[in-house]
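[1] Structure for the following, please:
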Amino acid sequence: MKNIDKEKLYDVMINALIVKYGLILTSAQVAEVLAISTRTLDERRKSGFDCPEYIEGRGKNIYYPVHKVVEFQLLKSEKCIKTVL
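    Numbering: from 1, shown residues only. From the prediction side, this is the model:
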């Protein structure tokens, strides 16, 4: 993917998520965005594999900065494209 296209896609994705969820997403929101269950997301987070970067809140709360979720999605899609090609 060209760098300009990637930048445009990043902007579109981040703006869409900010409009819908705001700057910080909960585990449930990230699971919805990634089309996985919250349990799968929690298992990935605990294993430290295949999960966006997150911030630990008070108690059991976990928060995901929107830009880290978008970066994770772009990285995953880039790997997927390389595998298919």
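[2] going forward, measure contacts and count neighbours with C-alpha atoms only.
    Will do.
[3] Let me know the helix or strand that the residue nearest the centre of the chain is in.
    Nearest residue to the geometric centre of the chain (CA atoms, centre = their mean): Val69, 2.3 Å. Assigned by DSSP states H and E, Val69 belongs to helix 66-84.
[4] In space, what's closest to the residue nearest to the centre of the chain - neighbours in sequence excluded?
    Nearest residue to Val69, sequence neighbours excluded (CA to CA, 6 or more residues apart in numbering): Pro52, at 5.5 Å.
[5] how about that neighbour, what does it touch?
    Neighbouring residues of Pro52 by CA atoms under 8 Å, 6 or more residues apart in numbering: Arg45, Tyr64, Lys68, Val69, Phe72.
[6] same thing but at 6 Å, please
    Lys68, Val69, Phe72 (CA atoms under 6 Å, 6 or more residues apart in numbering).
[7] Show me what the helix or strand of the chain with the lowest mean pLDDT is packed against.
    Using mean pLDDT, DSSP states H and E, helix 66-84 stands out as the lowest-scoring helix or strand of the chain, at a mean of 81. The helices and strands touching helix 66-84, judged by 3 or more CA pairs under 6 Å, 6 or more residues apart in numbering; DSSP states H and E, number zero.
[8] buried stuff in it?
    Val66, His67, Lys68, Val69, Val70, Glu71, Phe72, Gln73, Leu74 (16 or more other CA atoms under 10 Å).
[9] Can you lay out these as a markdown table showing distance to Tyr21?
    As requested, these are exported to a markdown table (distance: CA to CA, whole Å):
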| residue | distance to Tyr21 |
| --- | --- |
| Val66 | 9 |
| His67 | 12 |
| Lys68 | 14 |
| Val69 | 12 |
| Val70 | 13 |
| Glu71 | 16 |
| Phe72 | 17 |
| Gln73 | 16 |
| Leu74 | 18 |
